[in-house]
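Undergrad: next comes the sequence, and after it the predicted model I'd like to discuss.
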Amino acid sequence: MISNQIIQNTIDGLKTITRIDISVMDAEGKVLATTEEDKLDEYNDAVPDFVVSQADSQLVQGYHFFKVLDEHTIEYVVSAKGESEDVYKIGKIASFQIQNLLVAYKERFDKDNFVKNLLLDNLLLVDIYNRSKKLHIETDARRVAIIVETKAEKDVNALEVVRGIFPTKTKDFITAVDEHNIILVKELKAGDVLEDIEKIAENIVDTLNAEAMSSVYVGVGTTISDIKDVSRSYKEAKMALEVGKIFYEERHIMAYANLGIGRLIYQLPIPLCKMFISEIFQGKSPDDFDEETLVTINKFFENSLNVSETSRQLYIHRNTLVYRLDKLQKNTGLDLRVFEDSITFKIALMVVKYMKYMSHSEY
């Protein structure tokens, strides 16, 4: 439904142009918006009588009345003050404008509901195509689902901020499923690739940060070419957000295509993870390692197992790094300089991270 403020802004603009007082009422005669101070209270009885009449317009005590319909049901009554032919024309223009607003808002509401049900898999396949046709939505366009997660609830209207980034006449869909998550179903151009989608995500993050929004995270699904697959891209974007928080917490934009092995670990059952860690570390845990050892391990992985570069970045002698690696091998049985052992150790560290995250999520 159109907000009263939108209607008020519309008739204020019309009065500025025409100098004619205009009011909008519901079918019972309650004034919703008006440019008159007395708000036509004395004519409330006249509105219900006009509503039940067969006339589309009527002149009552110095006012032209007009009906605004919503699928054969009278939604609003518009009045224009004056009896002249010019006032009648202004009233017709005002009612036509309100009618167009009603159609536009209803279409937006219908599309919003359709997209939400599409994302949540609440539609049968035949319904998806039938409703797409009815709402004039292309079924075979290239699209991608993007989720924007914010921590702010009432400080900033993040949904409107995101809508403001994209032109209103585009074929993109922007909706919200809760207080924190905004979903953008973006229609892509023929040559758009992942890098182009990530630039869109960066634009969203930068804009929301500029609006004093903190802790904004964006998850990106994979590109789909059929509208029935939008829900799949949405689920992938959700997983990208979750997996990104666990393994790549320093990143604010995470694409499903870049999750790598983290996506596999995320789907492992916790009992299996515990058994794996117990076997690898023989009852110990990476939490038992001191800070120096953990820093050394992470830096070694960052430099692709390069001893010289790692020692340089740690500002230590090469032999000192070798000593630390030898000590780690003695404690765990894994030599990080051996490719197979380094993979096992890296996976083990990620599994421990995943277990910690799931443990905290339960509370």
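TA: It's in. Because the structure is a prediction, the values reported are computed rather than measured. Residues are numbered from 1 along each chain as shown.

Undergrad: next one: the lengthiest helix in the chain to chain centre, how far?
TA: With secondary structure taken from DSSP state H, the chain has its longest helix at helix 85-119. Distance, stretch centre to chain centre, for helix 85-119: 25 Å (CA atoms, centre = their mean, to the nearest Å).

Undergrad: for stretch 3-20, same thing?
TA: Centre-to-centre, stretch 3-20 and its host chain are 32 Å apart (CA atoms, centre = their mean).

Undergrad: go on, stretch 48-61?
TA: Worked out by CA atoms, centre = their mean, stretch 48-61 lies 45 Å from the chain centre.

Undergrad: what's next to that stretch, contact-wise?
TA: If you take CB atoms under 8 Å, 6 or more residues apart in numbering as the criterion, stretch 48-61 is touched by 27-29, 43, 46, 64-67, 74, 77, 83, 88, 91-92. All C-beta spots, glycine's among them, are computed from the backbone N, C-alpha and C.

Undergrad: swap in 7 Å and give it another go.
TA: 27-29, 43, 46, 64-67, 74, 77, 83 (CB atoms under 7 Å, 6 or more residues apart in numbering).

Undergrad: what's the closest non-adjacent residue to Lys111?
TA: Leu135 (5.5 Å; CB to CB, 6 or more residues apart in numbering).

Undergrad: my guess is the one you found meets Phe114, correct?
TA: Yes - using CB atoms under 7 Å, Leu135 is in contact with Phe114, at 6.1 Å.

Undergrad: neighbour-wise, which of the two wins?
TA: A count of neighbours by other CB atoms under 10 Å puts Phe114 above the other of Leu135 and Phe114, at 22 against 13.

Undergrad: report the contact partners of Glu149.
TA: Counting by CB under 7 Å, 6+ apart, Glu149 has contacts 180-181, 217, 241.

Undergrad: between the residues you listed, which is nearest Ser231?
TA: Closest approach between the contacts of Glu149 and Ser231, by CB to CB: Asn181, at 14.8 Å.

Undergrad: and Gly244, how many residues sit next to it?
TA: Neighbours of Gly244 under the rule other CB under 10 Å: 24.

Undergrad: I meant Pro167, not that one.
TA: Look at Pro167: counted by other CB under 10 Å, it has 8 neighbours.

Undergrad: ok, now how distant is it from Val230?
TA: 21 Å (CB to CB, to the nearest Å).

Undergrad: list the buried residues in the host helix or strand of Val78.
TA: Taking DSSP states H and E as the criterion, the element that holds Val78 is strand 73-81. For strand 73-81, burial by neighbour count (16 or more other CB atoms under 10 Å) applies to 75-81.

Undergrad: cool, stretch 139-153 as well?
TA: Result for stretch 139-153 [16+ other CB under 10 Å]: buried residues 143-150, 152.

Undergrad: again with stretch 308-320
TA: For stretch 308-320, by 16+ other CB under 10 Å, it's 310-311, 314.

Undergrad: could I get these as CSV with distance to Arg19?
TA: As requested, the buried residues of stretch 308-320 are exported to CSV (distance: CB to CB, whole Å):
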residue, distance to Arg19
Thr310, 78
Ser311, 81
Leu314, 77
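
Undergrad: with respect to Thr332, which of the residues you listed is nearest?
TA: Set against Thr332, the nearest of the buried residues of stretch 308-320 by CB to CB is Thr310 (18.0 Å).
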